[in-house]
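J.: Whatever this is, show me its structure:
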Amino acid sequence: MNIKKFFTAGIFLTGALAFAVDPNFDVVKSVAERMVAVEGGTFKMGDAENEKNESPVHEVKLNSFYMSSTEVTQDWYEAVMGCNYSANKGDDLLPVEEVSWYDAVIFCNKLSVMAGLEPVYSLGGSKKTEEWGDVPRMDSDEAVKAIWAAIAMDVTADGYRLPTEAEWEYAARGGNNPSEDPYSGSSVITVCAWNNVNAASSTKEVALKRVNSLGLFDMSGNVWEWCYDWYGNYRYAANDNPLGESDASITGKKIRRGGSVKSDAVFCRNSNRASSVPELRGVDLGFRLVRSVKAADAVEVKAAEVPEVPSDSVEAADDSDGIIEDVFVDDGFAK
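T.: Next comes the predicted model:
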């Protein structure tokens with residue numbers, strides 16, 4: 001389903017996307033209009049029948065939050081950061097890629113300031129990203145990497161941020177009315193996702209595939225999406241709005257979710273977990289946005305209404321999808 005024809009949370013998104021070609025493009029308005037309310041609740045996180053790092057299945061409680069209906073697009077990124085390192089360019093509505101975890105959190109803070117919101121992330125006690133210094137890259141000094149690994153999240157701030165891993169999986173599954181589908185929006189990978197079956201390894205304009213029940217596009221496929229958490233084993237305890245592994249030194253990697261245009265279907269499952277060092281930039285690695293809901297507003301948050309979608313079938317997929325059986329192979333990233 002094309003986002004240009006999609007109505008969610010009382011907002012017709014055609015107008016938001018039209019700003020991409022407007023010389024007076026208002027990125028703050030565009031982002032705000034693409035945020036979808038996700039009502040909080042409790043769900044079973046993980047999968048006992050697939051990868052070992054998806055176990056144990058455990059109950060997680062989450063507060064309500066807002067999530068962008070699409071991955072961060074290149075028009076947004078250029079408007080906030082003044083640059084675009086994406087490998088695949090040519091359309092403002094392509095997801096931004098070639099962004100490290102650090103690039104993503106800087107974007108979040110800068111956008112928050114532009115929107116008059118309280119930035120979420122701080123380094124050395126400062127939320128002003130211009131005071132943080134040069135962003136570490138893969139070949140940066142280990143001492144610099146260690147300093148940046150101490151970036152902290154202010155859970156009380158109302159600005160834009162990355163989703164936690166738990167928030168991401170909760171939203172991908174459909175929130176407090178979860179689907180049993182392995183992918184976000186369908187039981188057939190090519191109905192809801194661009195992956196290595198139908199994408200020819202090239203990222204696609206956002207929101208061309210089936211939306212999930214919350215009004216979120218491309219949670220499976222297109223680009224991998226950074227999450228806030230350090231990668232670590234699941235725990236049964238402390239699962240009230242969990243923030244993941246607290247010790248960066250355990251793995252030194254940040255969670256990424258959803259798979260990409262280069263991934264086999266198994267990596268696009270809602271429960272699949274993958275991780276990379278936060279300095280990594282990848283041609284199929286991007287992110288989407290989240291905002292916390294203030295306690296006073298939480299009672300008003302309701303999931304977006306979405307139109308009825310067709311049943312999963314070969315006919316429901318694009319003619320070019322070429323549906324095949326899922327095969328587990330390495331997608332090129334360290335898991």
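
J.: CA atoms for contacts and neighbours, from now on please.
T.: OK.

J.: helices or strands next to the lengthiest helix in the chain in the packing?
T.: The residue-count maximum for a helix in the chain (DSSP state H) belongs to helix 101-114. Counting contacts by 3 or more Cα pairs under 8 Å, 6 or more residues apart in numbering; DSSP states H and E, helix 101-114 packs against helix 74-81, strand 160-161.

J.: 10 Å instead?
T.: Applying 3 or more Cα pairs under 10 Å, 6 or more residues apart in numbering; DSSP states H and E, one finds that helix 101-114 contacts helix 27-33, helix 74-81, strand 121-122, strand 160-161, strand 224-230, strand 254-257, strand 285-286, strand 290-292.

J.: Centre of the chain to that helix, how far?
T.: Counting by Cα atoms, centre = their mean, to the nearest Å, helix 101-114 is centred 14 Å from the centre of its parent chain.

J.: Repeat that for stretch 116-126.
T.: Offset of stretch 116-126 from its chain centre (Cα atoms, centre = their mean): 20 Å.

J.: Likewise for stretch 217-227?
T.: The answer for stretch 217-227 is 5 Å, by Cα atoms, centre = their mean.

J.: Stretch 160-171 too?
T.: 7 Å.

J.: okay, the helices and strands packed on helix 101-114 in a markdown table with mean pLDDT, mean neighbour count and distance to residue 87 next?
T.: Formatted as a markdown table, these follow (pLDDT from 0 to 100; neighbours: other Cα atoms under 10 Å; distance: least, Cα to Cα, whole Å):
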| stretch | mean pLDDT | mean neighbour count | distance to residue 87 |
| --- | --- | --- | --- |
| helix 27-33 | 97 | 18 | 22 |
| helix 74-81 | 97 | 20 | 11 |
| strand 121-122 | 98 | 22 | 27 |
| strand 160-161 | 98 | 29 | 24 |
| strand 224-230 | 98 | 27 | 14 |
| strand 254-257 | 98 | 26 | 19 |
| strand 285-286 | 98 | 26 | 11 |
| strand 290-292 | 98 | 23 | 25 |
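
J.: quick revisit: got the angle for the longest helix of the chain vs strand 224-230?
T.: Put simply, helix 101-114 runs at 90 degrees to strand 224-230, going by axes from the mean of the first three to the mean of the last three Cα atoms, to 10 degrees.
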